[in-house]
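Enquirer: please work out how this folds:
(chains A and B)
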Amino acid sequence: MSAAGPVGDELRARTPALAFDRVTCAFAGKTPGERYTAVADASLAVAEGEFVSVVGPTGCGKSTLLNVAAGLLAPSAGRALVEGNPLSGINARAGYMFQADALMPWRNALDNVIAGLEFRGRPRDAALARGREWLSRVGLAGFEHRYPHQLSGGMRKRVALAQMLILDPEILLMDEPFSALDIQTRQLMENELLDLWSANRKSVLFITHDLEEAIALSDRVVVLSAGPGTHPIGEFAIDLPRPRDVAEIRLSPRFVELHEAIWHVLKDEVLKGYAQGKR
Amino acid sequence: MRKASGDSRVGGAQLALWHAGILAIAFAIWYGLTTPGIVDADYANRIAFFFGRPLQVIKVVIEWFTSGKIYPHLAVTLWETLLAFAIGSVLGLGIGLWLALSPTASAVAEPYITALNAMPRVILAPIFAVWFGLGVLSKVALGVTLVFFIVFFNVYQGVKEVSPVVLANARMLGASRRQLLRSIYLPSATSWVFSSLHTSVGMAFVGAVVGEYLGSAKGVGYLILQAEGVFDINTVIAGIVVLTVFALLLDFAVTKIEARLLVWRPRAAQTEAL
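Expert: The predicted structure follows:
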């Protein structure tokens, strides 16, 4: 565990796809004058083509960090850098997959998938053709005209994945995208994500509270401290071979070793977060 | 679409039987109480003075339709209803969207909107008659004031309740402010407008009929007003019957339109029949 390991050196050599430069996010509290600092002085970088997972106890401000990267939230202090340039406004190079359902309920699956192309003013015929292609790529051929409420939770996530990937973003921001799914569906989706990702490597910032998911998917796992004032407290390079099968890799000895090492750091934070939650 | 129904639910045919039965019983009581010979003639005539006689009422209704006398009046009432509904909805949608998306405008307009909504708007009818005359326009104006607020509040609510996640997602997908309006706010708001469609069409109808009743030269409300002036209670009730059937037909049409436009809405316990 060290920020100055081989991964850190390599990061410094190239301009990272996405970087947080001492980001602090403070929110107004319930009473005037009160302030809640969700994220304090957090620095973190995602190299080009790297899959980074961020784990931390629940309610520690992981989503806040992601919203800063997306440009949906302006930090109180510090800045987010995209390809070395300070971010202002929506991050146009990033795709965002939300934890909650984010599909437009009044559009069918196909129209949801092509929404981004539509917003960019692409001709409708071409957009529809690409939309169908992407739907079949995520295994939903034949479901084009179903509305979100007619799809299962897993199918909706696939539509959301296609909706994001059809725009070919350079950076993928994912906020516990599979946390609402049952374990079988979840592993299927994780494998699918890895397949799609390995086809053309994007930079991924993946937020999760599930350490196993983080290790199985990532090149690097960053552990966040419990809130308030969340910041990275450790990072681990995951040297498991690819391609991986998320269900099988959990059984490998190296996985268990890494899990133990990261859990050792994460455990104290989880306990802290739990104690705060109880208060 | 089928619902898993409890054992207490009656079947379709049985339900229709109940509906018809209750109507028949009410009709029989009405007929009995107003027919000399079944009750004392003196009482029967007095009751008939206040409630009319069912056979007479039916006769008036049949006469209206066979002679064709009712059609121009019905057409006027329907036209007023549709105009009031259309204008009220468009205004409500436009102003609702505007105020919901502009915090300053909404803060400025708030007390006025509240006051106008609290005001019993039917009392505006005489003023509208002065402004717009006794023709169609004054009725439309009254209907618009009734429909506007229903649509307005629903649109306002609809915009305020747009899921922040859906909104953030659309922004991440590259939607401009105008595209957000078209692709997120408008569909969300219209779904709320459609859920209030029954109420707003009903209100447009109320506006038309009340307007006619308070002063007009045509329309079903005018027929009722005329009959009331000469204590022709049978014709008054005939008018009410025609209006009721008419309202039911409008409601039925709305249900059909709604089912077609809101296919994306989830419904409870939905399975498809095989």
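Enquirer: and B:Ala16, how far from chain A?
Expert: 32 Å (Cβ to the nearest Cβ, to the nearest Å). C-beta here means a position set from N, CA and C on the backbone, and glycine is covered the same way.
Enquirer: what is the neighbour count of that residue?
Expert: Look at B:Ala16: counted by other Cβ atoms under 10 Å in any protein chain shown, it has 11 neighbours.
Enquirer: list the contacts of the helix or strand containing it.
Expert: For B:Ala16, the enclosing helix or strand under DSSP states H and E is helix B:12-34. Outside helix B:12-34, the residues that touch it by Cβ atoms under 8 Å, 6 or more residues apart in numbering or on different chains are B:10, B:38-39, B:43-44, B:47-48, B:51-55.
Enquirer: stretch A:128-141 now?
Expert: In contact with stretch A:128-141 (Cβ under 8 Å, 6+ apart) are residues A:109-111, A:113-114, A:117, A:143-144, A:155, A:158-159, A:161-162, A:165-166, A:192, A:196.
Enquirer: quick one, phi/psi of B:Lys256?
Expert: phi -60, psi -50 (degrees, to the nearest 10).
Enquirer: now the element after the host helix or strand of A:Ala129, going C-ward?
Expert: Applying DSSP H and E as the criterion places A:Ala129 in helix A:124-137. From helix A:124-137 onward toward the C-terminus, using DSSP H and E, the following helix or strand is helix A:153-165.
Enquirer: state the mean pLDDT of that following helix.
Expert: In this model, helix A:153-165 has an average pLDDT of 91.
Enquirer: buried subset of the contacts of helix B:12-34?
Expert: B:44, B:47-48, B:52-54 (16 or more other Cβ atoms under 10 Å in any protein chain shown).
Enquirer: which of those lies closest to B:Lys160?
Expert: B:Gly52 (48.5 Å; Cβ to Cβ).
Enquirer: from what I can see that closest one touches B:Phe231, true?
Expert: No: using Cβ atoms under 8 Å, B:Gly52 is not in contact with B:Phe231, being 10.6 Å away.
Enquirer: quick one, what contacts B:Leu173?
Expert: Applying Cβ under 8 Å, 6+ apart, the residues near B:Leu173 are A:115-116, A:119, A:163-164, A:167.
Enquirer: do A:Phe255 as well
Expert: By Cβ under 8 Å, 6+ apart, the contact set of A:Phe255 is A:215-216, A:240, A:249.
Enquirer: pLDDT below threshold where in chain A?
Expert: Filtered on pLDDT under 70, chain A yields the residue ranges A:1-13, A:278-279.
Enquirer: touching chain B at all, stretch A:144-154?
Expert: Yes: using Cβ under 8 Å from any Cβ of the partner chain as the criterion, contacts between stretch A:144-154 and chain B involve A:147-149.
Enquirer: please pick the buried ones from the residues you listed.
Expert: Buried among those by 16+ other Cβ under 10 Å: A:147-148.
Enquirer: now, which of the residues of stretch A:144-154 next to chain B sits nearest A:Leu73?
Expert: The closest of the residues of stretch A:144-154 next to chain B to A:Leu73 turns out to be A:Pro148 (Cβ to Cβ; 25.6 Å).
Enquirer: now A:Ala247: which helix or strand?
Expert: Going by DSSP H and E, A:Ala247 is part of helix A:246-249.
Enquirer: and the next element down the chain from that helix?
Expert: Counting by DSSP H and E, what follows helix A:246-249 is helix A:253-278.
Enquirer: that older thread, now the helix holding B:Ala16: buried residues?
Expert: B:30, B:33-34.
Enquirer: and for stretch B:105-113?
Expert: Of the residues in stretch B:105-113, those buried (16+ other Cβ under 10 Å) are B:106, B:113.
Enquirer: just the CA coordinates for that stretch, please, in PDB.
Expert: The C-alpha coordinates for stretch B:105-113 follow below in PDB (Å, rounded to 0.1, in the frame of the first residue of the first chain):
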ATOM      1  CA  ALA B 105     -40.900  34.600 -12.000                       C
ATOM      2  CA  SER B 106     -42.600  32.000  -9.700                       C
ATOM      3  CA  ALA B 107     -41.700  33.900  -6.600                       C
ATOM      4  CA  VAL B 108     -43.200  37.100  -8.100                       C
ATOM      5  CA  ALA B 109     -46.300  35.400  -9.400                       C
ATOM      6  CA  GLU B 110     -47.000  33.200  -6.300                       C
ATOM      7  CA  PRO B 111     -49.300  35.400  -4.300                       C
ATOM      8  CA  TYR B 112     -51.400  36.300  -7.400                       C
ATOM      9  CA  ILE B 113     -51.700  32.700  -8.500                       C
END
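Enquirer: what lies in contact with that stretch?
Expert: Against stretch B:105-113 from outside (Cβ under 8 Å, 6+ apart): B:98-100, B:152.
Enquirer: could you give me the average pLDDT of that stretch?
Expert: 90.
Enquirer: please parse chain B into its domains.
Expert: According to automatic domain parsing, chain B is divided into the following domains: B:1-51, B:56-261.
Enquirer: ok, which of the ones you listed comes nearest A:Thr208?
Expert: Taking the domains of chain B one by one with Cβ to Cβ, domain B:56-261 is closest: 17.7 Å.
Enquirer: what sits against the nearest residue to B:Gly174 once chain neighbours are set aside?
Expert: Counting by Cβ to Cβ, 6 or more residues apart in numbering or on different chains, B:Gly174 lies nearest to A:Phe119, which is 4.4 Å off, once chain neighbours are set aside. By Cβ under 8 Å, 6+ apart, A:Phe119 lies in contact with B:170, B:173-176, B:179, B:183.
Enquirer: flag every residue of chain A that's near chain B.
Expert: A:70, A:72, A:90-92, A:94-96, A:98, A:100-108, A:115-116, A:118-120, A:147-149, A:160, A:163-164, A:167.
Enquirer: just those: which are in helices?
Expert: Applying DSSP state H to those, the entries found in helices are A:70, A:115-116, A:118-119, A:160, A:163-164.
Enquirer: do I have it right that A:Ala160 meets A:Leu103?
Expert: Yes: with contact defined as Cβ under 8 Å, A:Ala160 reaches A:Leu103; the gap is 6.2 Å.
Enquirer: please enumerate the shared neighbours of these two.
Expert: B:Asn169.
Enquirer: and for B:Glu212, the neighbour number?
Expert: 28.
Enquirer: excluding chain neighbours, what is closest to it?
Expert: Nearest one to B:Glu212, counting by Cβ to Cβ, 6+ apart, is B:Gly221 at 2.8 Å.
Enquirer: my guess is A:Tyr36 is in a strand, correct?
Expert: Yes: counting by DSSP: H, G, I helix; E, B strand; the rest coil, A:Tyr36 is found in a strand.
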